[in-house]
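**Student:** quick one: sequence plus predicted model below, questions after.
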Amino acid sequence: MRELVKLVCTECGDENYHTTKNKKLHTERMEVKKYCPRLRKYTIHKEKK
């Protein structure tokens, strides 16, 4: 039921985080504010296609 998704930083493009989500309950793309180690600040991370 749950699928693995990758979270990509919108500013630098790095794949920093992996998580799971239930595709039946949440069909839209995930968008979370997370820490980017390359830029050393909090940025928006979006779900990769």
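**Tutor:** Now that the structure is in, tell me what you want to look at. Residues are numbered from 1 along each chain as shown.
**Student:** element containing the residue nearest the centre of the chain?
**Tutor:** The centroid of the chain falls nearest to L7 when counting by Cα atoms, centre = their mean (2.2 Å). When elements are assigned from DSSP states H and E, L7 belongs to strand 2-9.
**Student:** pLDDT on that strand, on average?
**Tutor:** Average pLDDT, strand 2-9: 96.
**Student:** got it, and stretch 30-37?
**Tutor:** 96.
**Student:** any buried residues in it, and which?
**Tutor:** The neighbour-count check on stretch 30-37 (16 or more other Cβ atoms under 10 Å) flags C36 as buried. All C-beta atoms are positioned from the backbone trio N, CA, C, and that covers glycine.
**Student:** what strand or helix carries the closest residue to R2 other than its chain neighbours?
**Tutor:** Nearest residue to R2, sequence neighbours excluded (Cβ to Cβ, 6 or more residues apart in numbering): T20, at 4.4 Å. Applying DSSP H and E as the criterion places T20 in strand 15-22.
**Student:** could you point out the helix or strand that follows that strand?
**Tutor:** Downstream of strand 15-22 (by DSSP H and E), the next one is strand 31-36.
**Student:** quick one: distance of that next one to the chain centre.
**Tutor:** 7 Å (Cα atoms, centre = their mean, to the nearest Å).
**Student:** rewinding a little: now the strand holding T20 against strand 2-9, angle please.
**Tutor:** 150 degrees (axes from the mean of the first three to the mean of the last three Cα atoms, to 10 degrees).
**Student:** just checking, what packs against strand 15-22?
**Tutor:** If you count contacts as 3 or more Cβ pairs under 8 Å, 6 or more residues apart in numbering; DSSP states H and E, strand 15-22 packs onto strand 2-9, strand 31-36, strand 41-47.
**Student:** and the longest one, which residues are buried?
**Tutor:** In this case it means strand 2-9. Under 16+ other Cβ under 10 Å, the buried positions of strand 2-9 are V5, L7, V8, C9.
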